[in-house]
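>>> next come a sequence and a model predicted from it.
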2 protein chains.
Amino acid sequence: MSLDPAIAARLKRDAEGLICAVAQQQDTGEVLMVAWMDDEALHRTLTTGRATYWSRSRREYWVKGDTSGHVQKVREVRLDCDGDALLVIVDQTGPACHTGSRTCFDNDVLLS
Amino acid sequence: MSLDPAIAARLKRDAEGLICAVAQQQDTGEVLMVAWMDDEALHRTLTTGRATYWSRSRREYWVKGDTSGHVQKVREVRLDCDGDALLVIVDQTGPACHTGSRTCFDNDVLLS
């Protein structure tokens, strides 16, 4: 009922117990968004097939798409070499961004 | 000689003054790595054409590839909708990971 201890032992969490999660669309490779997971959010993501994050602003778990319908079906989850970032490969329904854009990186280009 | 104030005003930094930066290979779309930038690292990334991070472990700026030769030439930089993550689209020479793997996400698959 909780995260596999062998995985938990490899995580390097920040001071708030979180690690950064990058969501990428499986077929196009688009980087959709960056969010945060604690151990429980990662456990739910690995076991329910739905990307689940920890909302730092609302202080609650956030199953992506539960209110918007813009769900992320989880296809793969990978941990990086130093254990402080996750790559979550998903199939995104509709826009990933709360603004209605496909990705959270569509609208503010600092350099091109 | 410092980050454009109009950009700096849109950043939401963590308690250490950092924001998360996702490096993505321009042509293949591979997510190469996740690292961290403060205002100065972002300024250098935007103005030098070389991806420059803040190393949390070494407490210093880190021009990717300066010691390894595995440089990241910067093609685009995008800020996300809530100002707390950067997408840095690069042309990566050789492996991005210090382990010698192409990406930092190649070797620890939690779910597939």
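In hand now; what should we look at?

>>> which one is A:Leu18 nearest to, not counting chain neighbours?
Using CB to CB, 6 or more residues apart in numbering or on different chains and skipping the chain neighbours, the partner closest in space to A:Leu18 is A:Trp36 (4.4 Å). Placement of C-beta: from N, CA and C, glycine included.

>>> quickly note the distance from the one you found to A:Tyr53.
6 Å (CB to CB, to the nearest Å).

>>> intersection of neighbour lists for the two?
Residues touching both A:Trp36 and A:Tyr53 (CB atoms under 8 Å, 6 or more residues apart in numbering or on different chains): A:Ala21.

>>> related to what we said a few turns ago, distance from the chain centre to the host helix or strand of the residue nearest to A:Leu18, please.
Using DSSP states H and E, A:Trp36 sits within strand A:31-37. When C-alpha coordinates are averaged (CA atoms, centre = their mean, to the nearest Å), strand A:31-37 and its chain have centres 4 Å apart.

>>> show me what the helix or strand immediately after that strand in the chain packs onto, helices and strands only.
Remark: after strand A:31-37, the chain's next helix or strand is helix A:39-48, criterion DSSP H and E. Contacts defined by 3 or more CB pairs under 8 Å, 6 or more residues apart in numbering or on different chains; DSSP states H and E place helix A:39-48 against helix A:5-8, strand A:52-55, strand A:60-63, strand A:72-79, strand B:108-111.

>>> now the ones you listed in TSV, with distance to A:Gln92, mean neighbour count and mean pLDDT?
Formatted as TSV, these follow (distance: least, CB to CB, whole Å; neighbours: other CB atoms under 10 Å in any protein chain shown; pLDDT from 0 to 100):
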stretch	distance to A:Gln92	mean neighbour count	mean pLDDT
helix A:5-8	24	12	98
strand A:52-55	14	21	97
strand A:60-63	14	14	97
strand A:72-79	5	20	98
strand B:108-111	17	16	98
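
>>> got the end-to-end distance for stretch A:9-17?
Length of stretch A:9-17, first residue to last, CA to CA, to the nearest Å: 13 Å.

>>> actually stretch A:91-104, not the one I typed
Counting by CA to CA, the terminal residues of stretch A:91-104 are separated by 15 Å.

>>> ok, residues contacting it?
Stretch A:91-104 is contacted by residues A:23, A:25-27, A:30-34, A:65, A:68-73, A:75, A:106-107, B:80-82, B:85 when judged by CB under 8 Å, 6+ apart.

>>> just the buried residues of those residues.
A:23, A:25, A:30-34, A:65, A:70-72, A:75, A:106, B:80-81, B:85 (16 or more other CB atoms under 10 Å in any protein chain shown).

>>> farthest-apart pair in the residues you listed, please.
Checked with CB to CB, the buried ones among the contacts of stretch A:91-104 reach their widest spread between A:Arg75 and B:Cys81, with 23.5 Å between them.
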